[in-house]
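# Please work out how this folds:
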Amino acid sequence: MSKAMQNLRVFTLGDMKPAGDADRDDTRYVRQTHTSQLARIIEGAARDLARIGEIEGADCIEVSAPEDSNRADIVGAVLSAIENSDLLIVDVSNESPSVIYELGAVNALGLPYILVTSRVSLPFYLTQTRGILNFAFASEYKSSEPSHRELRNRLLRNYRSADSLEAMESRFSEYFGGLPIVNISGPVSIATGYQANFLNRFGAQDHGLLSRQVTWAKGRDGDNEIEVVTRIRPRHLIVVIPDLNRHSDYNDARSTCEEDMLAAGLELDSVSVLEEPGRNQRLGMGVLIVKNHAEIVLDIPRTLFPLLRSPRILTAFKNGGGFTDSQVRERTTRRLISDFRAALEWNLGLARQGSDAPWDRVHIVPQRELVAKVLELVDPGARA
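Predicted coordinates for the structure are as follows:
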């Protein structure tokens, strides 16, 4: 029989009130909690699986409980352990508010888990989950106990699985078509991709566009109609965050930006970076520049508009009658934009740490503040 060559990191969650008979002499038993008992049972199950040749060795399944942490910040320790585990075993016997909150975090992160309870049924919102009922908590694994064998078998299935998808049961995820909460909207991923694929081309130390001479050009690739506009060192990049409640596509947002700029006596122009000047000249990345101030570069992130078709929005439209309350729709969209900007600012903050790169000249502004920001950069006293 082939055996998977991997480790399975397991963490137990549950009510950490001491379990056992306080009148017994065995103080270790008195101090045990359901979470520590689960850990001991899992250790025994791992030894049993190794004994019968299902896994390479008992240490292939690593288990820990909240009590194992030496950190003073128990909440931080638990959250860190959740994030770094392959599988969570969650005891919901007492329906502890803290445990249900932790389970919500597990659901939101899309992590696999197995529910156990000493009761004959699960809490209401978990009734469709394949939990192990009538679980017999004890200080050690007992191969004769049906609930312990069931947990052992579930551990083995997850050990053999490359992704443990069979243990990712969540009413939240089902509501959003199988996606965990952390993935339903996408603004953080979009912001991270935008940082890596676009902003880094400007802010990267030494070779970024804000650190060297650039040739702005217009025309079409593959012919001789490329017109060089100017050769200049860009000084500022303005990332314009559009209002998705007003503009559903890039061209619409750009037209409004152009109108607002013209009203202030400013004009925008579309240009591209001339990547390979000379005989084999080639146009690269396209941007907007301020005419007569070509050192000021603008970009409206095209990658942002697909958020309007993210699972978060489309599911709300489907199940909420198309967001019948326009204010609710608008607030939800604004929150997605806020998440995108916050993630972008967070990434920029990391990039600035310990770096001499010109990240301080990358500005993120809402579309309504674009004109004021350009005027400030053209004439620092204008905004005042």
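# For the stretch 101-250 of the chain, give me the ranges with low pLDDT.
The stretch 101-250 of the chain contains residues with pLDDT under 70 at 220-224.
# So residue 215 lies in a strand, does it not?
Yes. Counting by DSSP: H, G, I helix; E, B strand; the rest coil, residue 215 is located in a strand.
# wait, isn't it in contact with residue 273?
Yes. Using C-beta atoms under 8 Å, residue 215 makes contact with residue 273 at a distance of 7.1 Å. Every residue, glycine included, has its C-beta placed from N, CA and C.
# Can you give the contact residues for stretch 161-172?
86-87, 107-108, 110-114, 125-126, 128-130, 154, 157-158, 180-181 (C-beta atoms under 8 Å, 6 or more residues apart in numbering).
# which residues of the stretch 151-300 of the chain fall in strands?
214-218, 227-232, 236-241, 268-274, 283-290, 293-299 (DSSP state E, counting those that start in this stretch).
# Nearest to residue 68 among these would be which one?
Among the strands of the stretch 151-300 of the chain, the nearest to residue 68 by C-beta to C-beta is strand 236-241 (44.5 Å).
# Report all helices and strands that that closest one contacts.
strand 293-299, helix 326-352, strand 362-366, helix 370-378 (3 or more C-beta pairs under 8 Å, 6 or more residues apart in numbering; DSSP states H and E).
# Just the buried ones from the contacts of stretch 161-172?
86-87, 107-108, 110-114, 126, 129, 154, 158, 180-181 (16 or more other C-beta atoms under 10 Å).
# So, low pLDDT: which residues of the stretch 251-384 of the chain?
In the stretch 251-384 of the chain (pLDDT under 70), the answer is 276-281, 320-325, 381-384.
# returning to what we had before: show me the one of the strands of the stretch 151-300 of the chain that comes nearest residue 365.
Per C-beta to C-beta, nearest to residue 365 of these: strand 236-241, 6.1 Å.
# Who does the closest one pair with, and is each partner parallel or antiparallel?
According to DSSP bridges, strand 236-241 has the following sheet partners: strand 293-299 (parallel), strand 362-366 (parallel).
# Tabulate those in a markdown table, adding columns for distance to residue 256 and mean neighbour count.
Below are the strands paired with strand 236-241 laid out as a markdown table (distance: least, C-beta to C-beta, whole Å; neighbours: other C-beta atoms under 10 Å):
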| stretch | distance to residue 256 | mean neighbour count |
| --- | --- | --- |
| strand 293-299 | 13 | 20 |
| strand 362-366 | 12 | 18 |
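# Cheers, nothing more for now.
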